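Colleague: kindly return the folded structure for what I paste below:
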Amino acid sequence: MNTVNATIDPPAHRDASVIAVIGLAHGTSHFFHLLFPPLFPWLMPAFGLDFTGVGLTVTVFFVVSGIGQALAGFAVDRFGPLRVLLFGMGCFLIAGLWLGLLAHTLADLLAIAALAGLGNSVLHPADYTVLNHKVSEARLGHAFSVHGISGNLGWALAPVFLTGIATLAGWQVAAVAAGLMAFPALLALWLFRHLLEITPTAATEGAPVHGTFAFLGVVAVWLCFGFFFLTSAAIGTLQNFGTPILRQLYGLSLGISASAVSVFLLAAAFGILVGGFVARRHQQDRIIAVALSVAVVFALVLAQVIIPAWAVLPAMAGIGFFTGIAGPSRDLLVRRAATARFGKAAYGRIYGFVYSGLDSGLAISPLVFGHYMDAQRFAAVLVGVALFQAFAVLTALGVGQSAPLTQSTPAPK
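Modeller: Next up, the predicted model:
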């Protein structure tokens, strides 16, 4: 009994160590989301590719990651999250070295993208399984907050890191350096493995018996998937197209437009930090609804071009901040969906499945909104971002009102 209590309610320093190591792994995965895009200016002439050809690398990455993420959850539940995380970091390491040292054709690039996507696929089911098992419930909101912030920092680091090295030493050196960025996370996972390992007994104790795929019959799980799909499609659209949209609608320079996207990401990171405190309240669905509703208003205001150019950066910051606030509450809401009927035993497969919606949204957003960009309907893209976030509000409220979340097994304390 003492062993179980130590797992459920560890001391603060153990919680901090687990959160830090998992945060490092998550930041590394987000860094590898952008392994290819910052290098496009070098890869295109080196491989004789146009934007369509080189863009296939991103599509392959997220398609493999999305499909793999839904399956990786089963591997996490079967083999434990530590082994799966080590596998993922190893994929990143090999992908970077392969790109820098051995890539010669488009087929090589696509294979590397697939390998990196496979590595990325394991992160969410493994990360959240560790955090839910190893971090005390009172600190989970902060754990999810750090997890989200680390991801944003990984996104922010990759373009600066890769373009800086590629400019000074060439894209091959930049790719090798990117591969080596996976080594610190590999080392940390190994050194702290005693804190991260989850025994089969700890994973399944007290869990009700269900079929392997029983979670697919729960409406709340599908609503969580939809929520991730919608929110990631909105965020991905701003990441991919925000710079040209703001240039066209507001006449901003390239530098300021790009800075607005960076402000969006940094504000989202700050919002996640604040959201870690807000998420300690029990009505996570309402917190998400209010935060995303405010983000919708900012997006619609931008789409109407009714504000002066100087107000664009604050508006983008508003979208990012309120989207970020919803992050930790979102993760706690998924935890409720997971524990409501299945206890701890299905953390991996449920987190893997619902977070595959994130990759699906990131993969499909360029296809959905690329047509509008080509037609120069830039305001329509921002309206689309607002609509996706509005529908995400409905899915979050649906999860909160779902009967299994309030009438079944409560989350462990």
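Colleague: give me the mean pLDDT for whichever strand or helix holds D77.
Modeller: D77 belongs to helix 51-79 when assigned by DSSP states H and E. Mean pLDDT, helix 51-79: 83.
Colleague: can I get the following helix or strand past it in PDB, CA atoms only?
Modeller: The element immediately downstream of helix 51-79 (helix or strand, assigned by DSSP H and E) is helix 81-101. Provided in PDB are the C-alpha atoms of helix 81-101 (Å, rounded to 0.1, in the frame of the first residue of the first chain):
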ATOM      1  CA  PRO A  81       6.000   4.600 -21.400                       C
ATOM      2  CA  LEU A  82       9.700   4.700 -20.700                       C
ATOM      3  CA  ARG A  83      10.700   2.200 -23.400                       C
ATOM      4  CA  VAL A  84       8.400   3.900 -25.900                       C
ATOM      5  CA  LEU A  85       9.800   7.300 -25.100                       C
ATOM      6  CA  LEU A  86      13.400   6.100 -25.600                       C
ATOM      7  CA  PHE A  87      12.300   4.600 -29.000                       C
ATOM      8  CA  GLY A  88      10.900   8.000 -30.000                       C
ATOM      9  CA  MET A  89      14.000   9.900 -29.100                       C
ATOM     10  CA  GLY A  90      16.100   7.400 -30.900                       C
ATOM     11  CA  CYS A  91      14.000   7.900 -34.100                       C
ATOM     12  CA  PHE A  92      14.600  11.700 -33.900                       C
ATOM     13  CA  LEU A  93      18.400  11.200 -33.400                       C
ATOM     14  CA  ILE A  94      18.600   8.900 -36.500                       C
ATOM     15  CA  ALA A  95      16.400  11.100 -38.600                       C
ATOM     16  CA  GLY A  96      18.600  14.100 -38.100                       C
ATOM     17  CA  LEU A  97      21.800  12.200 -38.800                       C
ATOM     18  CA  TRP A  98      20.300  10.600 -41.800                       C
ATOM     19  CA  LEU A  99      19.200  13.900 -43.200                       C
ATOM     20  CA  GLY A 100      22.500  15.500 -42.700                       C
ATOM     21  CA  LEU A 101      24.800  12.700 -43.800                       C
END
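Colleague: for helix 81-101, which positions count as buried?
Modeller: Across helix 81-101, burial judged by 16 or more other CB atoms under 10 Å covers 81-89, 91-100. Just so you know, the C-beta spots here come from the backbone N, C-alpha and C atoms, and that holds for glycine as well.
Colleague: now that helix, how far from the centre of its chain.
Modeller: Its chain's C-alpha centre and that of helix 81-101 lie 18 Å apart, by CA atoms, centre = their mean, to the nearest Å.
Colleague: show me what the very next helix or strand once past that helix is packed against.
Modeller: Counting by DSSP H and E, the next helix or strand C-terminal to helix 81-101 is helix 106-121. On a contact count with 3 or more CB pairs under 8 Å, 6 or more residues apart in numbering; DSSP states H and E, helix 106-121 meets helix 12-33, helix 40-47, helix 51-79, helix 81-101.
Colleague: so for helix 106-121, mean pLDDT?
Modeller: 95.
Colleague: the inter-axis angle of the helix or strand that it is followed by versus helix 81-101?
Modeller: For helix 106-121, the following helix or strand on the C-terminal side (DSSP H and E) is helix 123-134. Interaxial angle, helix 123-134 versus helix 81-101 (axes from the mean of the first three to the mean of the last three CA atoms, to 10 degrees): 150 degrees.
Colleague: helix 123-134 relative to helix 12-33, how many degrees between them?
Modeller: Angle, helix 123-134 to helix 12-33, by the same axes, to 10 degrees: 180 degrees.
Colleague: quick one: neighbours of V63, just the number.
Modeller: 18 (other CB atoms under 10 Å).
Colleague: is it correct that it is in contact with G117?
Modeller: Yes. Between V63 and G117 there is a contact under CB atoms under 8 Å: 7.1 Å.
Colleague: now name the helix or strand holding Y372.
Modeller: helix 347-374.
Colleague: what's that helix packed up against?
Modeller: helix 51-79, helix 123-134, helix 219-250, helix 312-342, helix 378-401.
Colleague: show me this protein divided up by domain.
Modeller: Following automatic domain parsing, the chain resolves into domains at 2-204, 214-407.
Colleague: and those, which one is worst for confidence?
Modeller: domain 214-407 (a mean of 81).
Colleague: please state the offset of that one from the chain centre?
Modeller: 11 Å.
Colleague: what does stretch 106-126 give?
Modeller: Centre-to-centre, stretch 106-126 and its host chain are 14 Å apart (CA atoms, centre = their mean).
Colleague: pull out the buried residues from it.
Modeller: Buried residues in stretch 106-126 (16+ other CB under 10 Å): 106, 109-126.
Colleague: stretch 385-394 now?
Modeller: Buried, per 16+ other CB under 10 Å, within stretch 385-394: 385-386, 388-393.
Colleague: what's the closest of those to D50?
Modeller: Nearest to D50 among the buried residues of stretch 385-394 is V385, at 26.7 Å by CB to CB.
Colleague: number of nearby residues for the residue nearest to that closest one when sequence neighbours are not counted?
Modeller: With sequence-adjacent residues excluded and distances taken as CB to CB, 6 or more residues apart in numbering, V385 is closest to A234, at 4.6 Å. Neighbourhood size, A234 [other CB under 10 Å]: 29.
Colleague: and the closest residue to D359 other than its chain neighbours, what does it touch?
Modeller: Among residues not flanking D359 along the chain, G66 sits closest, at 3.4 Å (CB to CB, 6+ apart). By CB atoms under 8 Å, 6 or more residues apart in numbering, G66 lies in contact with 121, 356, 358-360, 363.
Colleague: A234 is in contact with Q389, correct?
Modeller: Yes. Under the criterion of CB under 8 Å, Q389 makes contact with A234 at 5.1 Å.
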